[in-house]
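Make a model of this:
(one chain, ligands or ions: 2)
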Amino acid sequence: MEELIRALPKAELHVHVEGTLEPEMMFDLAARNGVALRFASVEEVRAAYAFTDLQSFLDIYYEGMAVLLTERDFHDLARAYFQRAHTDGVRHAELFFDPQAHTGRAVPFETVVNGLHAAIEEARAEFGISALLILCFLRHLPAEQAMATLEEALPFLDRIAAVGLDSSEAGHPPADFVEVYARARAEGLRAVAHAGEEGPPEYVRQALDLLGVERIDHGVRSEEDPALLERLVREGVPLTMCPLSNVKLRVVDRLEDHNLKRLLDAGVRVLINSDDPAYFGGYIGQNYVETAEALALTRDEVVTIARNSLEATFLDDAAKAELLAEIDEVAARLV
Ligand code: ADE
Ligand code: ZN
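Ligands and ions are numbered 1, 2, ... in the order given. Just a heads-up that it's a prediction; the model follows:
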């Protein structure tokens, strides 16, 4: 199974680039930039990654970002991700980034985008990975600040494919961000949103109906609403699920309890991603391997999930067709 998983061309569509900051790099960047950390060692950092819910993770995730200051830092961060993604057989990635978590610390928007973009160009040449950027709005901050962030992004729209919505979900409904999403879509950006991770199925509906999103990030709680689930199937809405993240953040108790397989059986277009792999104990390959094991996925089901990941990308039809043909070839050889 591991060989098949690695060999399948895959897309990763739910990974926060800031969530790929490994403790080792955190210390390297802290030293390089003269930033003080409250931890004495990598082991101490890892020991602090014991989360009880989404917020307990977000607090330490935003804290860790303090070491990211220069274009080079953002470049090095993304480069390290692409290196790992390459070993897992990722051929296309759509990376979330949280500009407000940086501009709020006086790091200019262009520093972030230029650093990430440089790594994206290199990844294509070095690893044959294509990548796009998804600008996420922090939903715990006011919608006016999201709009100001979108306006800051306007000069860089050739480097940004889509907008997303992340951070503390409960109490921060998609409905609060209708205006900024309408503006983003008018500017030609695609749209996704985190919904149904900790928030209710109603937030998934709002993301679809009010924000016009093309994918739902997580969507785990959609299952609580049968009519919504039926709609996701009918409309072919992809759910970018992150099983190891859901265990670490206590969205589910154990990986064996995850609803990914039930949703797959029901006809939902589910895919497997890593979310914040430096914090949750595994990159995309590990997410596939552990999920396949815990839910007893067949080889055909794993191929279907990889196929879903490619079909759900923002790539054009020709690029999708090329990768899908490769999947057929690998499946014929290894299934
Ligand atoms: N930001 C980074 N990871 C996140 C997650 N899993 N949910 C919401 N916001 C996030
Ligand atoms: Zn996420």
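
from here on, contacts and neighbour counts on C-alpha atoms
Will do.

What distance do you get for the residue of the stretch 51-200 of the chain found nearest ligand 1 to residue 4?
The stretch 51-200 of the chain approaches ligand 1 most closely through residue 167 (3.4 Å), counting by C-alpha to the nearest ligand atom. Look at residue 167 and residue 4: by C-alpha to C-alpha, to the nearest Å, they are 34 Å apart.

Residue 92 too?
From residue 92 across to residue 4, the span is 18 Å (C-alpha to C-alpha).

Have a look at those two and say which one is more surrounded.
residue 92 (28 against 18; other C-alpha atoms under 10 Å).

which element is that one on?
Using DSSP states H and E, residue 92 falls within strand 90-97.

could you dump that strand to PDB, C-alpha only?
Only the C-alpha atoms of strand 90-97 are listed here, as PDB (Å, rounded to 0.1, in the frame of the first residue of the first chain):
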ATOM      1  CA  VAL A  90       2.800  15.200  -4.700                       C
ATOM      2  CA  ARG A  91       2.700  16.700  -8.200                       C
ATOM      3  CA  HIS A  92       0.600  19.800  -7.500                       C
ATOM      4  CA  ALA A  93       0.000  21.800  -4.300                       C
ATOM      5  CA  GLU A  94      -2.300  24.700  -3.500                       C
ATOM      6  CA  LEU A  95      -0.800  26.300  -0.500                       C
ATOM      7  CA  PHE A  96      -2.700  28.300   2.100                       C
ATOM      8  CA  PHE A  97      -1.000  31.300   3.600                       C
END
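
Point out the other elements, helices or strands, that the helix or strand following it touches.
In the C-terminal direction, the helix or strand that comes right after strand 90-97 (DSSP H and E) is helix 100-103. Judged by 3 or more C-alpha pairs under 8 Å, 6 or more residues apart in numbering; DSSP states H and E, helix 100-103 is in contact with helix 109-127.

Could you give me the buried positions within the helix it packs on?
Within helix 109-127, the residues that count as buried by 16 or more other C-alpha atoms under 10 Å are 109-120, 122-123, 127.

Quick check: residues of the protein near ligand 1?
Within the chain, the residues that sit near ligand 1 (C-alpha under 6 Å from any ligand atom) are 16, 166, 167, 168, 275, 276.

Who wins on neighbours among those?
In the residues of the chain next to ligand 1, the most neighbours by other C-alpha under 10 Å go to residue 275, 32 neighbours.

So that one sits against residue 19, correct?
Yes: counting by C-alpha atoms under 8 Å, residue 275 does reach residue 19; the two are 7.1 Å apart.
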